[in-house]
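A.B. asks: What follows is a predicted structure for the sequence shown.
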Amino acid sequence: MKKILFALIAFAFMNTSQAQQIGLVRNAQFRITANLDPIKKQWEQMLLEQKIPAYLVNFEIQSGMDNISGGTYYMLLASNQDRSVKVARALQLKNGYLSFYKGQEEPFGIATCSGCNKACNPTVSAGKWICDGACAGDKPCEKTVTAEIKQ
């Protein structure tokens, strides 16, 4: 009986300590496997708190290369219909599966880039979130990073 109880406690601990799986990589293709409804709701609420009302409709997994360190990074990227608001959170690749980092690993937090639809995209430079490119005309490309990670 004690062995069964210990096994159940160990199993519960292992499940709560694992990061949330978002997708997988197969044949150099990314596929989202998670139900994104809770993430969408949380990110849209975060945008409202930042006074950026946006309805996120496009979700995708992307990879990139840190232009300073040269390391590869992965992210879950969401945007509104005209792509003037983009939200990203870093993913870690482990055994072909992409999951949110647990804790405050670099780049940490959730990055928001807003201002224009052709540029102003979340990317990683020197292990930190930046918004690449500049908007045309007088529109500013604005970045916010939310360090609190609730998932």
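C.D. replies: Received it, and whenever you're ready, just let me know what you need.
A.B. asks: Give me the phi and psi angles of residue 51.
C.D. replies: phi 60, psi 40 (degrees, to the nearest 10).
A.B. asks: Just the pLDDT at it, thanks.
C.D. replies: Here, the pLDDT recorded for residue 51 equals 93.
A.B. asks: And for it, the neighbour number?
C.D. replies: 6 (other C-beta atoms under 10 Å). Using the backbone N, CA and C atoms, a C-beta is placed for each residue, glycine as well.
A.B. asks: and it, how far is that from residue 122?
C.D. replies: Applying C-beta to C-beta, to the nearest Å, the value for residue 51 to residue 122 is 19 Å.
A.B. asks: Same check on residue 49?
C.D. replies: The gap separating residue 49 from residue 122 is 18 Å, by C-beta to C-beta.
A.B. asks: In terms of neighbours, single out the busier of the two.
C.D. replies: Neighbour totals were compared for residue 49 and residue 122, and residue 122 leads with 26 against 10 (other C-beta under 10 Å).
A.B. asks: Distance check, the more buried one against residue 95.
C.D. replies: 25 Å.
A.B. asks: same question, residue 65
C.D. replies: According to C-beta to C-beta, residue 65 stands 21 Å off from residue 95.
A.B. asks: Kindly report the same for residue 22.
C.D. replies: Using C-beta to C-beta, we find residue 22 at a distance of 14 Å from residue 95.
A.B. asks: Also residue 59?
C.D. replies: 22 Å.
A.B. asks: When those two are compared, which one has more neighbours?
C.D. replies: Applying other C-beta under 10 Å to residue 59 and residue 95 shows that residue 59 carries more neighbours, namely 18 against 6.
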